[in-house]
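Asker: structure for the following, please:
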Amino acid sequence: MAASMASCQACRTCLFARNLQRFPNTRFVHKTSPACLGGQATAPNDTIIIPTRKPRDAYAVLQALGNTVGKDPTGQPYIYHDDPHLAPRSMRERRDYRRSLESGRKAAQFVIQKNPKLFLSYQHDEPKIESLYPPLPEYAMKDPGDEAIMERVDENDIKGAWEMYQSTVQAGQEVSLETSNALLDLLCFHGNQARPSLVELVDKSIATAQELQAALKDDTQEEELDEDAIKGEAEEAESAQKSDAKDKRKKRKQDQFEVTWIDGNEAEQLFEAIKEKNGHSYSALIQGMVKHNAHVKAFNMYNEMQQKKYIPDVRAYNALIEAVPFIRDNPEDVWQVLEQLLKQMSKEDIQPTLYTFNAVMRVLTKNRDVGRFYGMQVINEMKAIGIEPSLGTYASLLNIHVNPKYPVKQANVLYDILDDLEDQEFVLRHPRDEFFFFEAMCVCSNAKDLELAYKLDALLNTGSNSMLLGGMSFQNMYYSRFFNLITQFESVDAMLEYYEQLVPQALLPFSTMYIDILQSIESAGAYHKIPRIWQDAANYGRKFDENLLDTLLKIMAMSTVDKQLHEEFCSIVSDTMKIARQPDQQRGSNRMRGRPPRSIRVTQKMLNNMVVTYLKGEQLDEARKVLDYSKKAKITPSNIVLEDFLSTCIQVGDKQMALGCIEVAVHHMMTGSSTMADRIKEEMVLNNEERKHLDYILQERQ
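Answerer: Reported below is the predicted structural model:
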């Protein structure tokens, strides 16, 4: 009994220790007791050392749970799990899905803002998310003063805050410098352009839609268009769409650098009204001017600030650095201005940040000749003052060394970068960080360096680095380039293994990707994998791509495989014939209506390959159907294909099929029809009826 009690001195409170009297002949040892661990019993008076508490954020538990599960490569990304039936199968559908989702959110916000009282009276969510609630119908502070101004500033109410500021001044009250600077920050950020509410935007859209509907009612005349007219309109519409898209891109690029800062706006009026300005006042105005492309005015304001001995903050310097290329054209002059700004920061004892150096690197990407000389110096300076470069810094370094003629040099730079970053885990520190992995994969693709691509992908899959890959577009472009390298340099088995890992979770396949896969399969002679690839292509909506079908039919027609696989190939050809455009079907109508195609245009090469595939699969009847389709669709098959078809008919002794072959040749006015008719007469036994029918077919040609 005593021995038993001694063995559990460290855990007398455990259930077994409390029940020793009930089981006197049993020796209980707690699994954490020293007796169990082979050591001596701990004295009751020993001090218990509590480990230092590790600070954790609100997402620590979710992150720990998330690390216990992996990605399912066969499943769609989480954003598309709401409705599996509507899971997107292309990048366009993904984009439409996200837009629909955003439209739903905006519709909900519209209803909330249209009927705010209904929702403000029902508040039971915890914690409360202020951004999901409608704006307050009225403010608590109605009398002019600092508190009333700040209440409206906190709600981002530009118009209300400015009106309250004017009311306060007119009432003879003095607005504090802190409140004035807060209002100035709001005005400078938005550039004096108050964003319309969602209700105003919807009302404007409804009015525009009503105007369009009225215009459509006036145009009641409809005319019937023949096939050629529809085709011409479709081509004209497509050309117009391309031209419009080009104009929109050009306009968007111009708008990006258009000066939207209005002289004498409310921000400038407020700035002039502040009696005792400080560095914050000047810094806010400089940042606003740069944000709205008034770069020259920003530097003029900076010079005035220097003359009056005010010191700007680091964010103002970051904005000025970004504006340097817009006030200087010569690359050497650009670098001189950058040096002056950085030296002035050092003189004023302003510590540069990561954003400062990344702004410098971005400027150097626009002046690559200077950037190649100073880029590494900037990064070394960062490290010297204890600022670790972010992925965005290295993305700019790669851009600086872009040289299409010598992609290997850029690859060497990336090798050095990856050697420094190997096995590291990163967090988002700068908006440019999301560009690194995509731009690095572009370097690998241009240099045709698969080893470098594998090294980059290993870094991407370290820890949670994949979160820095960017949006769906960047992700799809990254993996498409990566997979393109794999199809060029890896074996078919390795290629398909990566295909299973990437599709559809990380990559939505497109037509050119399937063409590359089929060409790799053809080179390796792995024709048995074609049916699986075709099934996936059909599932992802690629079966209507004519280039893909042309490549697929060509490979199947030229392959030499067993009978069973040929039967599967014939099944694929049958699927293709089901979506072949019928001669009486309107061409271009789907494209005019903005819908995806639901039929394919069969070319001569495609038709020839279909017939050859059917002949190799010993399906003569199906081959004859394709030839009959050629007559309706006005597609002339080649002489070689008809000769092969006739040879098969002679081999199996099918005289009706042979006569049908002559009918096709005569219908298309082919020069070899007489020669093929002579073969039938010589190699097949024809009765008088059949001979007369053959002569009749030949006479039709004359």
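Asker: drop to CA atoms for contacts and neighbour counts, all remaining ones
Answerer: OK.
Asker: for the host helix or strand of residue 380, buried residues please.
Answerer: Assessed by DSSP states H and E, residue 380 sits inside helix 368-384. For helix 368-384, a neighbour-count test (16 or more other CA atoms under 10 Å) marks 368, 370, 371, 372, 375, 378, 379, 382 as buried.
Asker: so who does the second one touch?
Answerer: What that stands for is residue 370. 331, 332, 335, 364 (CA atoms under 8 Å, 6 or more residues apart in numbering).
Asker: next, format those as TSV and append distance to residue 78 and pLDDT.
Answerer: Putting the contacts of residue 370 into TSV (distance: CA to CA, whole Å; pLDDT from 0 to 100) gives the following:
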residue	distance to residue 78	pLDDT
331	46	87
332	49	90
335	46	92
364	38	93
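Asker: farthest pair within these?
Answerer: Farthest-apart pair in those is 332 and 364; separation 10.7 Å (CA to CA).
Asker: what's the neighbour count on the nearest residue to residue 183 once chain neighbours are set aside?
Answerer: Spatial nearest neighbour of residue 183, chain neighbours left out: residue 153 (6.4 Å); criterion: CA to CA, 6 or more residues apart in numbering. Each residue near residue 153 was counted by other CA atoms under 10 Å, and the total is 22.
Asker: ok, residue 153 - contacts?
Answerer: With CA under 8 Å, 6+ apart, residue 153 has these contacts: 161, 182, 183, 186.
Asker: that one falls within a strand, correct?
Answerer: No. With DSSP: H, G, I helix; E, B strand; the rest coil as the criterion, residue 153 is helix rather than part of a strand.
Asker: show me where pLDDT drops low in the stretch 601-702 of the chain?
Answerer: The model of the stretch 601-702 of the chain has pLDDT under 70 over residues 700-702.
Asker: mind listing which of the contacts of residue 153 are in helices?
Answerer: Within these, residues falling in helices by DSSP state H are 161, 182, 183, 186.
Asker: quick one: the third one from residue 276, how far?
Answerer: Pointing back at residue 183 there. Here residue 183 is placed at a distance of 15 Å from residue 276 (CA to CA, to the nearest Å).
Asker: repeat for residue 570
Answerer: Applying CA to CA to residue 570 and residue 276 gives a distance of 85 Å.
Asker: looking at those two, which is more packed in?
Answerer: The neighbour count for residue 570 versus residue 276, taken as other CA under 10 Å, is higher for residue 570 (26 against 10).
Asker: which stretches of this protein have low pLDDT?
Answerer: For the chain, applying pLDDT under 70 flags the ranges 1-45, 82, 136-137, 192-257, 582-597, 700-702.
Asker: neighbour count and distance to residue 645 added to the contacts of residue 153, as TSV?
Answerer: Output for the contacts of residue 153, formatted as TSV (neighbours: other CA atoms under 10 Å; distance: CA to CA, whole Å):
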residue	neighbour count	distance to residue 645
161	22	84
182	17	84
183	24	84
186	21	79
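Asker: which of these sit farthest apart?
Answerer: 161 and 182 (10.3 Å).
Asker: list residues touching both of those two?
Answerer: Between them, residue 161 and residue 182 share the contacting residues 150, 153, judged by CA under 8 Å, 6+ apart.
Asker: contacts only, for residue 614.
Answerer: 570, 573, 620, 622, 623.
Asker: can you check residue 81 too?
Answerer: residue 87.
Asker: hmm, 10 Å instead?
Answerer: Contacts for residue 81 (CA atoms under 10 Å, 6 or more residues apart in numbering) come out as 75, 87.
Asker: any idea how far it is from residue 505?
Answerer: Counting by CA to CA, the gap from residue 81 to residue 505 is 12 Å.
Asker: what's the answer for residue 579, then?
Answerer: 29 Å.
Asker: excluding covalently adjacent residues, which one is nearest to the residue nearest the centre of the chain?
Answerer: For the chain, the residue nearest the mean C-alpha position is residue 473 (1.1 Å; CA atoms, centre = their mean). Excluding the flanking residues, the one nearest residue 473 by CA to CA, 6+ apart is residue 91, at 7.7 Å.
Asker: what is the neighbour count of that neighbour?
Answerer: Residue 91 has 16 nearby residues by other CA under 10 Å.
Asker: quick one, what contacts it?
Answerer: Neighbours of residue 91 in contact, by CA under 10 Å, 6+ apart: 97, 472, 473, 476, 507, 508, 509, 510.
Asker: what's the answer for residue 553, then?
Answerer: Here residue 553 is in contact with 559, 569, 572-573, 576, 605-613 (CA under 10 Å, 6+ apart).
Asker: among those, which lie within helices?
Answerer: Per DSSP H, the contacts of residue 553 map to helices at 569, 572-573, 576, 605-613.
Asker: kindly indicate which of these lies nearest residue 116.
Answerer: Using CA to CA, the ones in helices among the contacts of residue 553 come closest to residue 116 at residue 576, 55.5 Å.
Asker: my guess is the closest one contacts residue 544. True?
Answerer: Yes. With contact defined as CA atoms under 10 Å, residue 576 reaches residue 544; the gap is 8.7 Å.
Asker: okay, and the common contacts of the two?
Answerer: By CA under 10 Å, 6+ apart, residue 576 and residue 544 have these common neighbours: 599, 600.
Asker: can you tell me how far the nearest residue to residue 580 once chain neighbours are set aside sits from residue 609?
Answerer: Nearest residue to residue 580, sequence neighbours excluded (CA to CA, 6+ apart): residue 600, at 5.0 Å. Computed with CA to CA, the distance linking residue 600 and residue 609 is 15 Å.
Asker: show me which of those two is the more surrounded one.
Answerer: Looking at residue 600 and residue 609 with other CA under 10 Å, you find the greater number of neighbours at residue 609, namely 23 against 19.
Asker: which residues touch that one?
Answerer: 550-558, 573, 615, 637, 641.
Asker: so which bits of stretch 316-335 are buried?
Answerer: Quick answer for stretch 316-335 (16+ other CA under 10 Å): 316-325, 331, 334-335.
Asker: that'll do, ta.
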